[in-house]
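[1] structure, please.
(one chain, ligands or ions: 1)
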Amino acid sequence: MSGEETIFALASGAGRAGIAVIRLSGPAAGKALERLSGGGLPVPRQATRTSFQCPKNQDTVLDDGLALWFPAPASFTGEDVAELHIHGGPAVIGAIVSALAGLPGLRPAEAGEFSRRAFENGKFDLTAAEGLADLIDAETDAQRRQAQRQSRGELGRLYDNWAERLIRAQALSEADIDFSDEDIPDDLIGEALAIAAELDQEIAAHLDDGHRGERLRAGLYLAIVGPPNAGKSSLLNRLAKRDAAIVSDIAGTTRDVIDVHLDLGGYPVIVADTAGLREARDSIETEGVRRARERAGDADMKLAVFDATDLDCDGGLDPLTLELIDADTFVVLNKGDLVTTCLPRDIEKRPAFAVSAKTGAGLDALLGALQSAAAERMAGEGAGLTRQRHRVALTACRQALARAAVAGEPELLGEDLRLASRELGRITGRVDVEDLLDVIFSEFCIGK
Ligand code: GDP
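    Have a look, this model is predicted:
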């Protein structure tokens, strides 16, 4: 599939570093390594000290480093692969890259091309490739664990298992058509339908996961809302442990939404500081308030921040903010350092956290609660789906199963089951469904 071209690229990050790794993949990788090292190929999969020379002038040493040789098929891509570990300076990298570019049959790799070749050579399925991409992007521990599970094929195996069961159901319905006059066990259709119904339930349970995997991948959105000067920006800075937002006693300072990425006990949370909710004084503030409301509406969780000194016998808290409080809201009474009276334990039936963004008092309890809420919404056992793409295909799979349940004719049933398994194949990228069908079908005939 990947043709005869040999590709190369800097596999480590750009910029100065102790070492850099350049990876080559394709039929000319071995030859290129020989040209650069001026000798034979190293022992496979063993780091070998190598002096990299200019292929045109063997007296010019470009760098000293290590070479690794992974002959096909036992390599990342399934092709011949070589890795050059060199010093990580821009000039060293530049010299080696231009030497490689000058060799016959070599060209720079395109984005994702190594992984694509690995997929095309059957090294892993599409979900594992996505897991690998997520692993590289993972910023928190829980994200890393999820990406690792997926890159190891956990999700792919689940979907493959479902596809195999569907294909068995399809084989049963086809057997009913092909061998209807012969002596075969009678209720093949019933068995096929039972498999489909059982799978439908499993897929429904898998889909009904509160979007955990997708949330963990993208991060949970937490919007800080409240009236101007309640201490929203101060609280954000406390949570971020840095000056992310401007703190000022001039009301209406925060006019746009400021996002800060936090790692709460391994769970990624994107906290947004928003403009104070009030009747805006100018058009910029109007837009800020509109964005604040929009963000509050889209957020997974909210922090409603009030100035505790506003509390009086009649309440006294900002009505615009009170309106936004729901089951996913944490209520914060800030500026606890300025009040001596007892603060209410809950507001609008939600527990109220008394804190002081100035002194830090009460923040540990708030952070603890946020962390538990984040874990509750993102932690999960087993393989969870991580992308809308998975959700769309699984939903289409269930629709095909629903049609199969009422198909009536074995031919129609078989077709709906085929469409259902094709949706699963779309997620994993496995297209060999027909081959598998042959295998299962022949087994079935022998067994009958
Ligand atoms: P925002 O408009 O809601 O973002 O509020 P800011 O974070 O900009 O704070 C408004 C003012 O209140 C600033 O002068 C802060 O220094 C002050 N402030 C914020 N939190 C506290 C607190 O816990 N205690 C006291 N005493 N002042 C605070």
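[2] can we go C-alpha only for contacts and neighbour counts from here?
    Will do.
[3] list the buried residues for the helix or strand that contains residue 413?
    Using DSSP states H and E, residue 413 falls within helix 410-428. By 16 or more other Cα atoms under 10 Å, the buried positions in helix 410-428 come out as 410, 413-425, 427-428.
[4] and what of stretch 151-169?
    151-157, 159-160, 162-169.
[5] packing partners of the helix holding residue 413?
    helix 126-137, helix 154-178, helix 388-405, helix 433-447 (3 or more Cα pairs under 8 Å, 6 or more residues apart in numbering; DSSP states H and E).
[6] reformat those helices as JSON lines; add distance to residue 293 and mean pLDDT.
    What follows is these, written out as JSON lines (distance: least, Cα to Cα, whole Å; pLDDT from 0 to 100):
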{"stretch": "helix 126-137", "distance to residue 293": "30", "mean pLDDT": "90"}
{"stretch": "helix 154-178", "distance to residue 293": "37", "mean pLDDT": "88"}
{"stretch": "helix 388-405", "distance to residue 293": "25", "mean pLDDT": "95"}
{"stretch": "helix 433-447", "distance to residue 293": "48", "mean pLDDT": "46"}
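[7] sec struct for residue 351, please.
    strand (DSSP: H, G, I helix; E, B strand; the rest coil).
[8] before we move on, what about the one 10 residues further on?
    Under the three-state scheme (three-state DSSP), the conformation of residue 361 reads as coil.
[9] I'd say it and residue 367 touch.
    No: counting by Cα atoms under 8 Å, residue 367 is not a contact partner of residue 361; they are 11.5 Å apart.
[10] please, where are all the strands along the stretch 1-150 of the chain?
    Secondary structure of the stretch 1-150 of the chain by DSSP state E, counting those that start in this stretch: the strands cover 6-10, 17-25, 48-54, 57-70, 81-88, 106-108.
[11] ok, and what's touching the last one?
    Counting by Cα atoms under 8 Å, 6 or more residues apart in numbering, the neighbours of strand 106-108 from elsewhere in the structure are 5, 6, 7, 8, 9, 28, 100, 101.
[12] adjacent strands (with direction) for it?
    Neighbouring strands of strand 106-108 in its sheet, by DSSP bridges, are strand 6-10 (parallel).
[13] which one of the strands of the stretch 1-150 of the chain lies closest to the ligand?
    Evaluated over these, closeness to the ligand peaks at strand 17-25, with 39.3 Å, by Cα to the nearest ligand atom.
[14] same for the closest one, what does it pack against?
    Packing partners of strand 17-25 (3+ Cα pairs under 8 Å, 6+ apart): strand 6-10, strand 81-88.
[15] next, the angle strand 81-88 makes with it.
    Calculated by axes from the mean of the first three to the mean of the last three Cα atoms, to 10 degrees, strand 17-25 forms an angle of 160 degrees with strand 81-88.
[16] parallel or antiparallel, list what pairs with strand 17-25.
    Applying DSSP bridges, one finds strand 17-25 paired with strand 6-10 (antiparallel), strand 81-88 (antiparallel).
[17] next, count neighbours for residue 342.
    8 (other Cα atoms under 10 Å).
[18] and what of residue 8?
    By the measure other Cα under 10 Å, the count of residues near residue 8 is 24.
[19] that one contacts residue 22, doesn't it?
    Yes: using Cα under 8 Å, residue 8 is in contact with residue 22, at 6.9 Å.
[20] how far does stretch 100-116 sit from the chain's center?
    Averaged C-alpha coordinates place stretch 100-116 at 27 Å from its chain's average position (Cα atoms, centre = their mean, to the nearest Å).
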